[in-house]
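Engineer: Got a sequence here, can you model it:
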Amino acid sequence: MEFPCPEPYRIKTIETIKRTTRPERERIAAAAKYNLFNVRAEDVFIDLLTDSGTGAMSSAQWSEMMLGDESYAGATSYYKLKDAVRDIMGFEHFLPTHQGRAAENVLFSTLIGVGTEGRSKVVPGNAHFDTTKGHIEFRHARAVDCTVDESLDPTTDYPFKGNVDLDRLEYVLKTYTREEVPLCVLTVTCNSSGGQPVSMANVRAVSGLCRAHGVPLFIDAARFAENSYFIKKREAGYAEKGIREIAREMFSYADGCAMSSKKDGLVNIGGLLCFRDEELMRRAMPFNIMYEGFNTYGGMAGRDLGALSVGLREATELDYLEARIGQVARLGSKLESYGVPVLRPYGGHAIFVDAGAFLPRVPREEFVAQALCVEAYVEGGVRGVEIGAILADRDPDTRENRYPALELLRLAVPRRAYTNDHMDYAAAVLGSVYERRDRITRGYRIIREAPIMRHFTVELEPSG
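Structural biologist: Numbers count the residues shown, from 1 in each chain. Sure thing, here's the model as predicted:
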């Protein structure tokens with residue numbers, strides 16, 4: 001008999017969450033201008049907005065917090081993190097930052113520039129995430145998506161939909177000069193394509209192409225442990241290898257990585273910027289000092305550095321990953337039992353609902369995925385996030401809306417924070433919306449937006 005896989009931990013402390021009524025949520029959504037980022041957390045029952053910094057830390061991490069060394073330079077906590085980075089990721093050189101987009105800021109300032117130096121430059125990769133693309137376009141460079149076509153079909157079970165199309169990448173590397181391609185970014189797992197993993201064979205091949213053309217390869221490592229788990233489960237030759245062994249091999253093909261530690265670092269704040277080459281790290285140091293702090297704390301408190309040193313080790317334990325990814329899969333399975341169309345195979349950190357298939361009567365110009373986000377919140381207090389036309393933003397040249405091939409509602413599951421009953425509830429809420437989907441025919445229009453990364457602060461009103 002095969003036993004179910006329970007969470008490998010016990011609950012020691014709880015946080016009460018409040019229920020609201022539907023009329024209350026209707027008023028809250030309207031007051032928030034139909035942007036769920038503007039909704040107070042206390043008015044959300046199940047918060048699946050993001051898995052970034054929203055997880056629960058372990059008793060070992062809280063113990064390390066009490067040992068935090070708050071010295072400005074050379075703190076003991078920094079050296080604990082340095083040891084963890086070397087052991088888990090294999091990088092000798094790193095800079096701490098306060099979160100992932102801060103690491104991107106330092107990295108792109110170093111390799112692309114800080115003013116208009118980015119004009120004519122391109123950064124190839126696999127479905128760049130919003131902050132990555134934002135940092136690239138802010139520097140007047142262009143993000144070139146080279147993700148495999150299989151990522152655009154939500155119904156297939158292709159195991160590595162985060163993979164880079166090697167022919168597409170090679171075309172970019174041959175079309176542009178070395179000076180026009182400052183780096184390639186490989187995101188593992190690939191958030192914007194549905195939390196889908198990248199195979200080790202693809203990482204190796206991308207690395208080979210980049211090295212042949214002299215282009216540095218940097219990994220967006222926010223969910224490196226989850227990607228390593230999928231390689232173990234889905235790729236031939238890795239079933240008997242440990243998660244840390246797989247992670248070390250994956251990082252060995254890269255020149256460095258930028259990481260939001262708020263995901264697979266199992267902490268509430270923090271980031272990393274790692275380098276193979278010490279000289280490149282030294283080029284980045286002045287930007288780190290200007291934007292983040294001294295190079296041994298980088299905008300993080302000593303206690304947070306210590307907690308991250310423990311979190312990197314815990315995130316690469318197989319028992320934890322089995323339970324974490326199993327809980328995400330449970331949400332996906334429950335949603336499908338209600339008929340809700342979701343992206344397959346299930347992602348590592350989130351379930352992505354195919355909003356276009358869910359609400360076929362809502363015009364794309366009225367932001368289909370955002371309409372579904374608001375419906376889920378009003379229906380049962382479940383907060384997700386739109387991965388669609390609002391997030392895709394406007395073309396920097398034409399200023400026209402960019403409409404992605406897929407309109408998705410992302411339900412990102414915080415780590416070690418919710419029980420399986422919470423997943424069942426969230427699925428039932430979406431199932432209830434699905435039952436009345438034919439009556440949802442209108443979405444929203446924008447009444448105010450920022451010139452870049454608008455989805456965080458956009459204000460909307462119902463169309464029609």
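Engineer: C-alpha from now on. contacts and neighbour counts both.
Structural biologist: Fine.
Engineer: Name the SS class of residue 169, please.
Structural biologist: helix (DSSP: H, G, I helix; E, B strand; the rest coil).
Engineer: hang on, it packs against residue 126?
Structural biologist: No - counting by C-alpha atoms under 8 Å, residue 169 sits too far from residue 126 to count as a contact (9.6 Å).
Engineer: quick one: the strands in the stretch 51-200 of the chain?
Structural biologist: 93-97, 122-125, 142-145, 184-187 (DSSP state E, counting those that start in this stretch).
Engineer: Kindly report the same for the stretch 301-450 of the chain.
Structural biologist: Going by DSSP E, counting those that start in this stretch, the stretch 301-450 of the chain shows strands at 350-354, 382-383, 385-387, 408-412, 444-448.
Engineer: Let me have those in JSON lines, adding mean pLDDT as columns.
Structural biologist: Listed next are these as JSON lines, based on pLDDT from 0 to 100:
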{"stretch": "strand 350-354", "mean pLDDT": "97"}
{"stretch": "strand 382-383", "mean pLDDT": "98"}
{"stretch": "strand 385-387", "mean pLDDT": "96"}
{"stretch": "strand 408-412", "mean pLDDT": "97"}
{"stretch": "strand 444-448", "mean pLDDT": "97"}
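Engineer: Could you dump these into a markdown table with distance to residue 275 and mean neighbour count added?
Structural biologist: Output for the strands of the stretch 301-450 of the chain, formatted as a markdown table (distance: least, C-alpha to C-alpha, whole Å; neighbours: other C-alpha atoms under 10 Å):
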| stretch | distance to residue 275 | mean neighbour count |
| --- | --- | --- |
| strand 350-354 | 29 | 28 |
| strand 382-383 | 36 | 26 |
| strand 385-387 | 30 | 28 |
| strand 408-412 | 29 | 28 |
| strand 444-448 | 40 | 15 |
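Engineer: Could you say which one of those comes nearest to residue 44?
Structural biologist: strand 382-383 (6.5 Å; C-alpha to C-alpha).
Engineer: which helices and strands sit right next to the closest one?
Structural biologist: Contacts defined by 3 or more C-alpha pairs under 8 Å, 6 or more residues apart in numbering; DSSP states H and E place strand 382-383 against strand 46-47, helix 368-380.
Engineer: Save these as JSON lines, and put in mean neighbour count too.
Structural biologist: JSON lines is the format used below for the helices and strands packed on strand 382-383 (neighbours: other C-alpha atoms under 10 Å):
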{"stretch": "strand 46-47", "mean neighbour count": "23"}
{"stretch": "helix 368-380", "mean neighbour count": "25"}
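Engineer: would TSV of these with mean pLDDT and distance to residue 135 be doable?
Structural biologist: What follows is these, written out as TSV (pLDDT from 0 to 100; distance: least, C-alpha to C-alpha, whole Å):
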stretch	mean pLDDT	distance to residue 135
strand 46-47	98	27
helix 368-380	98	23
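Engineer: of all those, which lies closest to residue 69?
Structural biologist: strand 46-47 (32.7 Å).
Engineer: ok, residue 230 - contacts?
Structural biologist: Shown in contact with residue 230 (C-alpha atoms under 8 Å, 6 or more residues apart in numbering): residue 197.
Engineer: Three-state assignment for it, please.
Structural biologist: Per three-state DSSP, residue 230 ends up helix.
Engineer: what do you get for the one 3 residues further on?
Structural biologist: Using three-state DSSP, the structure places residue 233 in helix.
Engineer: Hmm, it is touching residue 242, no?
Structural biologist: No - judged on C-alpha under 8 Å, residue 233 makes no contact with residue 242 at a distance of 10.9 Å.
Engineer: hmm, back to that, will you turn the strands of the stretch 301-450 of the chain into TSV that also has distance to residue 138?
Structural biologist: As requested, those are exported to TSV (distance: least, C-alpha to C-alpha, whole Å):
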stretch	distance to residue 138
strand 350-354	28
strand 382-383	29
strand 385-387	20
strand 408-412	25
strand 444-448	20
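Engineer: Determine which of the ones you listed approaches residue 18 most closely.
Structural biologist: Nearest to residue 18, of the strands of the stretch 301-450 of the chain and by C-alpha to C-alpha, is strand 382-383 at 12.1 Å.
Engineer: right, and the strands of the stretch 301-450 of the chain - which one's nearest residue 56?
Structural biologist: strand 408-412 (14.4 Å).
Engineer: tell me what the closest one is packed against?
Structural biologist: Going by 3+ C-alpha pairs under 8 Å, 6+ apart, strand 408-412 lies up against strand 350-354, helix 355-358, helix 368-380, strand 385-387.
Engineer: pLDDT below threshold where in this structure?
Structural biologist: 116, 118 (pLDDT under 70).
Engineer: Count residues in the vicinity of the closest residue to residue 7 other than its chain neighbours, would you?
Structural biologist: Spatial nearest neighbour of residue 7, excluding adjacent residues (C-alpha to C-alpha, 6 or more residues apart in numbering): residue 323 at 5.3 Å. For residue 323, the neighbour count with other C-alpha atoms under 10 Å is 19.
Engineer: can you tell me how far residue 323 sits from residue 408?
Structural biologist: 25 Å (C-alpha to C-alpha, to the nearest Å).
Engineer: try residue 178
Structural biologist: From residue 178 to residue 408 the distance is 35 Å (C-alpha to C-alpha).
Engineer: And for residue 9?
Structural biologist: 32 Å.
Engineer: cool, and residue 228?
Structural biologist: 25 Å.
Engineer: what about residue 338, distance to residue 424?
Structural biologist: Taken as C-alpha to C-alpha, the span from residue 338 to residue 424 is 11 Å.
Engineer: intersection of neighbour lists for the two?
Structural biologist: With C-alpha under 8 Å, 6+ apart, residue 338 and residue 424 have no common neighbours.
Engineer: Give me the nearest residue to the spatially most central residue of the chain, chain neighbours excluded.
Structural biologist: Taking C-alpha atoms, centre = their mean, the centroid of the chain lies closest to residue 191, which sits 4.7 Å from it. Here the nearest residue to residue 191 in space, its sequence neighbours aside, is residue 129; by C-alpha to C-alpha, 6+ apart that works out to 6.7 Å.
Engineer: Please tell me how far stretch 346-359 is from the chain's geometric centre.
Structural biologist: 14 Å (C-alpha atoms, centre = their mean, to the nearest Å).
Engineer: wait, stretch 354-370
Structural biologist: Computed by C-alpha atoms, centre = their mean, the separation of stretch 354-370 from the middle of its chain amounts to 22 Å.
Engineer: what's the answer for stretch 257-274, then?
Structural biologist: 11 Å.
Engineer: what's the answer for stretch 364-382, then?
Structural biologist: On C-alpha atoms, centre = their mean, the centre of stretch 364-382 falls 20 Å from that of its chain.
Engineer: Now find how far off-centre the helix or strand hosting residue 28 is within its chain.
Structural biologist: Taking DSSP states H and E as the criterion, residue 28 maps to helix 22-31. Taking C-alpha atoms, centre = their mean, one finds the center of helix 22-31 at 28 Å from the center of the full chain.
Engineer: That helix - contacts with which helices or strands?
Structural biologist: Counting by 3+ C-alpha pairs under 8 Å, 6+ apart, helix 22-31 packs on helix 368-380.
Engineer: orientation of the helix it packs on relative to strand 408-412 in degrees?
Structural biologist: Orientation note: helix 368-380 sits at an angle of 50 degrees relative to strand 408-412 (axes from the mean of the first three to the mean of the last three C-alpha atoms, to 10 degrees).
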